[in-house]
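A.B. asks: coordinates for the following, if possible.
(one chain, ligands or ions: 1)
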Amino acid sequence: MIERRFAIVGHRAPSKGKVNLNDLSGSSGRIDVLCRAVNTALFLSHGMRKNTHITLHLMGGPGMGRRIWFDSRSLRGIRVDERSIAGHISKIIQQRAPAIGQWEEFSQGLWHSPGGLLDTLKEWSNEGVEIIHLDVNAPTLWADEAHLPSTNEMKNLSNIELGGEVQLLDGEGNGENETDIEMSVDSSIGFILSDDQLFNQSEINSISEHADKSGSLGPTWIQGHSAIAIIHQLLDLGIKLR
Ligand SMILES: C[S@@+](CC[C@H](N)C(=O)[O-])C[C@H]1O[C@@H](n2cnc3c(N)ncnc32)[C@H](O)[C@@H]1O
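C.D. replies: As a prediction, this is how the structure comes out:
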């Protein structure tokens, strides 16, 4: 199984305090963008992908950035709507951040740690993740010889390729059976995205130092959650990447 990871930077999202759940796109520093990214990264129509992680980077202060890691292998109690996801983020940023370099589990499958994109990139590099910077100006993410599968080829795609073992959720966002799903990971691929703003110079430097390659999904900038949806579809369909 290929594990999928996403890292998204929220340049104005607060790292401490409270999220205004009635104004996610305004006074909450575009936290709506991050919530949509979580939704698209983790959820299928009726369940959660079990082969995907997403790490949010809340860089809008005050003080040091905070990272929130949603680990779908053990995540519980998360519902698909933006307000519910934002509610979890809000509870976390009201807590004191753990010590630098530490991840602390806030609730099952939901972790937080101080730091920024460079910390995530270093961790991913140490864990052997192939890191891809998503950039409109790069060569296409897929190989030149890539093709969409035929109906017959699609029938042969395994469940694992189709987003991993899917865990069905009840109305509270909990798995219908509460056992964690263990899958052996053959390799990991991680994608780096920004919110609605450009990466800043220090992020660009970190990306140049750690990313293995850059890939484009098309000639126009689309929203981050749409980019995540396309990546899932390419990988689900077994499209050959460059
Ligand atoms: C709304 S876009 C950000 C646009 C922003 N002006 C920039 O230059 O980064 C959000 C993220 O989605 C990804 N993205 C959007 N469109 C893309 C495309 N056509 N190819 C590759 N990645 C894309 C990029 O990671 C981007 O940082």
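A.B. asks: what's Asp186 in contact with, if anything?
C.D. replies: Going by Cβ atoms under 8 Å, 6 or more residues apart in numbering, Asp186 touches Met1, Ile2. Where C-beta positions appear, they are placed from N, C-alpha and C, glycine not excepted.
A.B. asks: regarding the residue of the chain most remote from its centre, what is its secondary structure?
C.D. replies: Centroid-distance maximum for the chain: Asn152 at 30.7 Å, with Cα atoms, centre = their mean. The three-state label given to Asn152 by DSSP: H, G, I helix; E, B strand; the rest coil is helix.
A.B. asks: next SSE after the lowest-mean-pLDDT helix or strand in the chain?
C.D. replies: Among the helical and strand segments of the chain, the one scoring lowest on mean pLDDT, DSSP states H and E is strand 166-168, with a mean of 59. Using DSSP states H and E, the next helix or strand after strand 166-168 towards the C-terminus is strand 187-194.
A.B. asks: mind listing what's buried along that following strand?
C.D. replies: Across strand 187-194, burial judged by 16 or more other Cβ atoms under 10 Å covers Ser188, Ile189, Gly190, Phe191, Ile192, Leu193, Ser194.
A.B. asks: center of this protein - which residue?
C.D. replies: Ile54 (2.7 Å).
A.B. asks: which residues touch the strand or helix carrying it?
C.D. replies: In this structure, Ile54 sits in strand 52-58 according to DSSP H and E. Strand 52-58 has contacts (Cβ under 8 Å, 6+ apart) with 3-10, 13-15, 29, 34, 37-38, 41-42, 65-72, 89, 93, 116-117, 120, 163-164, 232.
A.B. asks: quick one, it and strand 187-194 angle?
C.D. replies: Counting by axes from the mean of the first three to the mean of the last three Cα atoms, to 10 degrees, strand 52-58 lies at 30 degrees to strand 187-194.
A.B. asks: Ala146 against Gly238, yeah?
C.D. replies: No: at 9.7 Å, Ala146 does not count as touching Gly238 under the criterion of Cβ atoms under 8 Å.
A.B. asks: name the element Ser226 belongs to?
C.D. replies: helix 224-236.
A.B. asks: buried sites along that helix?
C.D. replies: Buried, per 16+ other Cβ under 10 Å, within helix 224-236: Gly224, His225, Ala227, Ile228, Ala229, Ile231, His232, Leu234, Leu235, Asp236.
A.B. asks: residues in contact with Ile230?
C.D. replies: Leu217, Ile222.
A.B. asks: give me the neighbour count for Ala7.
C.D. replies: By the measure other Cβ atoms under 10 Å, the count of residues near Ala7 is 24.
A.B. asks: SS state for it?
C.D. replies: Assignment for Ala7 (three-state DSSP): strand.
A.B. asks: over to Val33?
C.D. replies: helix.
A.B. asks: how close does it sit to Gln197?
C.D. replies: Distance, Val33 to Gln197, using Cβ to Cβ, to the nearest Å: 10 Å.
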